[in-house]
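Chemist: how does the following fold in three dimensions:
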Amino acid sequence: MSLFSSISVSASGMSAQRERAEVLVENIANADTTRTAEGGPYRRRDVVFQSQGAESPFSSVFQNQFAGAANNGVAVSDIVVDNSEPDRRYMPGHPDADKDGYVAFPRINPAEDMVDLMGASRAYQANVSAISAVKDMIQRSIDLFR
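Modeler: Predicted coordinates:
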């Protein structure tokens with residue numbers, strides 16, 4: 001794998017983790033949303049990652065040198081909606097209460113989503129560090145040729 005394709009792999013990881021963080025923040029923000037445009041409470045969402053070929057703009061130059069080496073990055077293949085039954089809480093004065101006085105709330109655990117958000121942040125930072133290390137290697141290689 002070339003240094004340039006390493007940057008592409010890390011960039012794909014950063015993009016995927018950014019999208020994961022956006023979905024997690026949306027879940028946390030809607031933890032108490034009892035009414036949506038679709039009707040009913042907000043439904044928790046999760047991202048699904050899949051392996052994806054990472055293309056470097058310089059890949060054709062290095063293709064012969066690294067024949068058969070797979071440059072795999074990551075991408076979000078799908079955003080899955082949780083269709084489990086919502087939590088029901090007895091709140092007869094709530095505007096969204098049913099005839100029995102129960103309100104349907106999203107099945108979201110904000111603490112769990114915060115931990116997942118910290119994991120996404122750490123993974124993003126790890127990809128930034130990897131890009132920085134590759135950039136330093138490229139700079140040192142250029143300095144050797146001077």
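Chemist: who's in contact with the residue nearest to the spatial centre of the chain?
Modeler: Centre of the chain computed as the mean C-alpha position; nearest residue by C-alpha atoms, centre = their mean is Arg20, 2.0 Å away. When contacts are counted by C-beta atoms under 8 Å, 6 or more residues apart in numbering, Arg20 touches Val47, Phe49, Val76, Asp116, Ala120. In short, each C-beta sits where N, CA and C put it, glycine included.
Chemist: let's see it at 10 Å
Modeler: By C-beta atoms under 10 Å, 6 or more residues apart in numbering, the contact list for Arg20 reads 46-49, 76, 79, 116-117, 119-121, 123-124.
Chemist: strands - which of those land there?
Modeler: Filtering the contacts of Arg20 for membership in strands, criterion DSSP state E, returns Asp46, Val47, Val48, Phe49, Val76, Ile79.
Chemist: isn't the first one right up against Asp78?
Modeler: It refers to Asp46. Yes - the pair Asp46 / Asp78 is scored as a contact, 9.1 Å apart, by C-beta atoms under 10 Å.
Chemist: look at these two and report which has more neighbours.
Modeler: Asp46 (15 against 10; other C-beta atoms under 10 Å).
Chemist: surely Gly73 is within a helix?
Modeler: No - per DSSP: H, G, I helix; E, B strand; the rest coil, Gly73 lies outside any helix segment and is strand.
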